[in-house]
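S.K.: Got a sequence here, can you model it:
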Amino acid sequence: MRLNALAGTGPLTATKIYQPNGTQDDAGDVTVSVLDPNAVVASSGAATKTGSGATTAYSYILSLAVLAQPTSDRITWTRTAGGIIPVVDTLEVSENGLFTEDDARSLTSSGSQVLPDADYSDAVIASARLAIGEMFEDRTGRSWYARYCRREIMPVHATKYVRLTGPCRRSDGYPVAGPGAGQDLIRILGCTVNGDTVPADELYWDDGGVFWSGGYFPAGSATAPFPVLLEYVYGMDPVPWEARDMALRMLRANLVPSDISSYATSLSSEDGTFRITSFPRQVEEWLRFHRPAGVA
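M.R.: Got it, this is the predicted structure:
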């Protein structure tokens, strides 16, 4: 499962059920470990168990400290007695979001709430927000909200300025961020060179790179191919109003049930026959307008 939260909000309750044979079951005692992008334990402890048998569920509270700033964490749920492979969730804490849960709750149709609390939990809306944000980034090549990136950089020679190039990944190799992480840098969370911290007041940046006034970024070598580690926030802050509007249209189209079959490819009415896509018409036009240069 993928969780999404906004930095500085919370606490957030993560939940888990076990269905080893397709039926919800009691997994006994379960422990939880939250690892940050640098494989440091941000939080750990025992999950709270409720119910029994086929109604057993587990929960773990992610504190304000875990959600303090943008990050990309991995949450591992481990059954103490063994026998079941540990379950791993991802948690992206972003600087802002394309919309808030309150924005989603404010959607109405004929005077009625489109996404009532009883049917759509905050976690479901937040997960959909993350998926929509990543889909927009994949289609346009830039992030329309402010999100986290951890990038390993390999300068070809000693230099005072490095571009935002190199793999975006956690220390354990799992990828983070999206195709827009090479531009729209908002702020630097931290920088190290061969493990040594670079003072924040010595770093300056533009849209797509970082300058170090107090030294030189060393060239990559056979023993240390990626000597520069940069953690930063990229994207847009504040979120453009049109991106927020398109995201809410996408949320409504994806979450609210329709009488039209999910297998349908076209719809005929008195106005003619129309092609059905996974995007509302206004969203499709907006994405087409903002597609990267050279993409048809």
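S.K.: I'd like the average pLDDT over stretch 103-115.
M.R.: For stretch 103-115, mean pLDDT rounds to 87.
S.K.: meant to ask about stretch 183-194, not that
M.R.: Mean predicted lDDT for stretch 183-194 stands at 96.
S.K.: Export it to CSV, keeping only CA atoms.
M.R.: Presented in CSV, the C-alpha positions along stretch 183-194 are these (Å, rounded to 0.1, in the frame of the first residue of the first chain):
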residue,chain,number,x,y,z
GLN,A,183,14.1,20.7,-12.5
ASP,A,184,12.0,23.1,-10.4
LEU,A,185,14.3,22.7,-7.3
ILE,A,186,12.6,24.5,-4.4
ARG,A,187,14.9,23.9,-1.4
ILE,A,188,17.7,21.7,-0.2
LEU,A,189,17.1,19.4,2.7
GLY,A,190,20.7,18.2,3.0
CYS,A,191,23.9,17.5,1.1
THR,A,192,26.9,15.3,1.8
VAL,A,193,30.2,14.7,0.0
ASN,A,194,31.7,11.3,0.6
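S.K.: Report the buried residues of that stretch.
M.R.: Buried residues in stretch 183-194, defined by neighbour count with 16 or more other CB atoms under 10 Å: 183-186, 188-189, 191, 193. Just so you know, the C-beta spots here come from the backbone N, C-alpha and C atoms, and that holds for glycine as well.
S.K.: Just the ones of the residues you listed in helices?
M.R.: Among these, none falls in helices (DSSP state H).
S.K.: Out of these, which is nearest to residue 146?
M.R.: Among the buried residues of stretch 183-194, residue 186 lies closest to residue 146 (CB to CB), at 5.5 Å.
S.K.: Strands of the stretch 51-200 of the chain, residue ranges please.
M.R.: Listed in chain order, the strands of the stretch 51-200 of the chain (DSSP state E, counting those that start in this stretch) span 57-62, 71-79, 87-94, 108-109, 112-113, 147-153, 161-163, 185-193, 196-197.
S.K.: Packed most tightly, which of the ones you listed would that be?
M.R.: Mean neighbour count (mean count of other CB atoms under 10 Å) peaks for strand 147-153 among those, with a mean of 24.
S.K.: Show the secondary-structure elements that it is packed against.
M.R.: The contact analysis (3 or more CB pairs under 8 Å, 6 or more residues apart in numbering; DSSP states H and E) places strand 147-153 against strand 71-79, strand 87-94, strand 228-234.
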